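In: Build me a model from this:
(one chain, ligands or ions: 1)
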Amino acid sequence: MLTDSFVYNSAPLRVRFAAGALGHLGDEIAAIGGARALILSTPYQKADAEALAARIGPRAAGVFAEARMHTPVETTALALQAYADSGADCIVSYGGGSTIGLGKAIAWRNDAPHLVVATTYAGSEVTDILGETEDRVKTTRRDPRIRPEAVIYDPQLTLGLPVAMSVASGLNAIAHAVEGLYATDANPVTSLMAVEGIAALQHALPGIHRNPSDLAARSEALYGSWLCGTVLGSVAMALHHKLCHTLGGALDLPHAETHAILLPHTVAFNAVAAAAALEPAARLFGGDLGGGLYDLARSLGAPTALRDLGVSRDELGRIADQAVKNPYANPREVTQDGVLALLEAAWAGIRPARI
Ligand code: NAD
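Out: Next comes the predicted model:
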């Protein structure tokens with residue numbers, strides 16, 4: 001595709017990618033200018049975080065293992081205190097988007113260097129975006145200072161990511177790339193990364209589904225998630241992310257699964273208006289991106305219907321109202337009727353028709 005005009009910005013970020021890359025954790029802490037790191041994780045990954053601290057000895061100032069989904073401000077307050085008490089001068093986030101969100105919240109407020117050891121495919125480790133929740137309201141901000149300084153991708157650390165989470169998280173990553181293709185500020189570099197990222201995940205996820213310990217498939221998925229996350233962190237998202245944000249906030253739905261269910265439907269909604277931008281991705285799915293993504297999700301056992309997440313059909317009108325409240329760029333005009341029809345199809349889990 002020829003591109004007439006674009007603006008391209010690249011952000012500095014160091015990435016170390018290898019099976020076994022975690023062995024370089026101490027070097028990477030030094031590379032971001034840190035001496036003693038506070039290590040963050042969720043309660044579920046606490047034992048891993050403590051093992052990490054033991055591995056780096058004096059470079060670890062402590063472990064705070066209370067990260068929660070959607071970065072509640074109460075947790076951030078506790079973590080800020082732990083950071084101050086520990087005498088740390090940098091942050092290591094070990095985990096997925098929830099832990100990374102907490103790491104960003106602390107690093108941003110302290111202007112501290114932040115190294116992420118990424119263990120899901122959500123992509124937050126390479127973005128300048130921070131979502132924080134107060135009184136059940138999630139506020140999202142973008143600031144270049146939010147982006148971590150460095151990332152370790154070690155596919156060995158993802159071997160234990162349960163298949164259902166791997167699939168949902170991988171589809172979440174694909175959603176970043178799909179919306180990046182038709183972003184108003186898309187450019188040739190982000191579009192290349194988007195298509196490469198989608199192809200990597202399309203190929204890797206069935207391999208993980210067959211054998212979660214397949215290191216080659218895990219490597220390819222992590223590579224794809226890095227590319228898709230970079231797209232998310234580079235260009236503006238549209239209807240799909242807006243709807244997931246609205247649904248997640250209003251109904252407290254699981255983040256990655258909501259993305260996985262909605263994606264085929266938001267793609268179908270925008271398919272005609274964004275046909276040229278989506279064409280390279282559609283080609284990966286035999287020309288039918290919405291249907292192809294739906295089939296991929298189904299073949300991997302991912303949820304495909306909002307009703308399976310416990311969403312009541314009566315809620316859909318309210319969600320559609322909220323989603324059209326504040327205008328934002330999207331290839332196709334976003335109307336209450338259009339969004340409601342999209343949500344009805346996603347609620348029932350109907351395969352989008354080929355367009
Ligand atoms: P998560 O971080 O909430 O992780 C889910 C669970 O899986 C946690 O218990 C975690 O400890 C566990 N886990 C993570 N990696 C594991 C592994 N390798 N093996 C075993 N268990 C593992 O899930 P997520 O989908 O990565 O993140 C979701 C959150 O991230 C949401 O709050 C979302 O809004 C946010 N997010 C932010 C951005 C951004 O750019 N700011 C991007 C994507 C997602």
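In: Residue 152 belongs to a helix?
Out: No - counting by DSSP: H, G, I helix; E, B strand; the rest coil, residue 152 is not part of a helix but strand.
In: Number of residues surrounding it?
Out: Number of residues near residue 152 (other C-beta atoms under 10 Å) recorded here: 24. Backbone N, C-alpha and C define where each C-beta goes, glycine included.
In: for the one 3 residues further on, same thing?
Out: For residue 155, the count of nearby residues is 22 (other C-beta under 10 Å).
In: With the one 4 residues further on instead?
Out: Residue crowding around residue 159 was assessed by other C-beta under 10 Å; the count is 14.
In: repeat for residue 160
Out: 12.
In: Kindly state the pLDDT recorded for it?
Out: pLDDT recorded at residue 160 is 96.
In: So stretch 120-133, near the ligand or not?
Out: Yes - applying C-beta under 6 Å from any ligand atom, one finds stretch 120-133 touching the ligand at 120, 122-124, 127, 129-131.
In: can you give me the end-to-end distance of that stretch?
Out: 21 Å (C-alpha to C-alpha, to the nearest Å).
In: At which residues are the strands of the chain located?
Out: Along the chain, counting by DSSP state E, strands occupy 14-17, 37-40, 60-64, 90-95, 114-118, 129-134, 137-142, 150-153.
In: Can you add mean pLDDT and give the ones you listed back as CSV?
Out: Shown next, in CSV, are the strands of the chain (pLDDT from 0 to 100):
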stretch, mean pLDDT
strand 14-17, 98
strand 37-40, 98
strand 60-64, 98
strand 90-95, 98
strand 114-118, 98
strand 129-134, 93
strand 137-142, 88
strand 150-153, 98
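In: Dump those to JSON lines, plus distance to residue 218.
Out: Shown next, in JSON lines, are these (distance: least, C-beta to C-beta, whole Å):
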{"stretch": "strand 14-17", "distance to residue 218": "12"}
{"stretch": "strand 37-40", "distance to residue 218": "23"}
{"stretch": "strand 60-64", "distance to residue 218": "25"}
{"stretch": "strand 90-95", "distance to residue 218": "16"}
{"stretch": "strand 114-118", "distance to residue 218": "12"}
{"stretch": "strand 129-134", "distance to residue 218": "25"}
{"stretch": "strand 137-142", "distance to residue 218": "29"}
{"stretch": "strand 150-153", "distance to residue 218": "10"}
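In: What residues does the protein have near the ligand?
Out: So the chain meets the ligand at 42, 44-45, 69-70, 95-99, 101, 119-120, 122-124, 127, 129-131, 157-158, 160-161, 165, 169, 232, 255-256 (C-beta under 6 Å from any ligand atom).
In: at 5 Å instead, please
Out: Contact residues, the chain versus the ligand (C-beta under 5 Å from any ligand atom): 42, 44-45, 69-70, 95-98, 119-120, 122, 124, 127, 129, 158, 160-161, 255-256.
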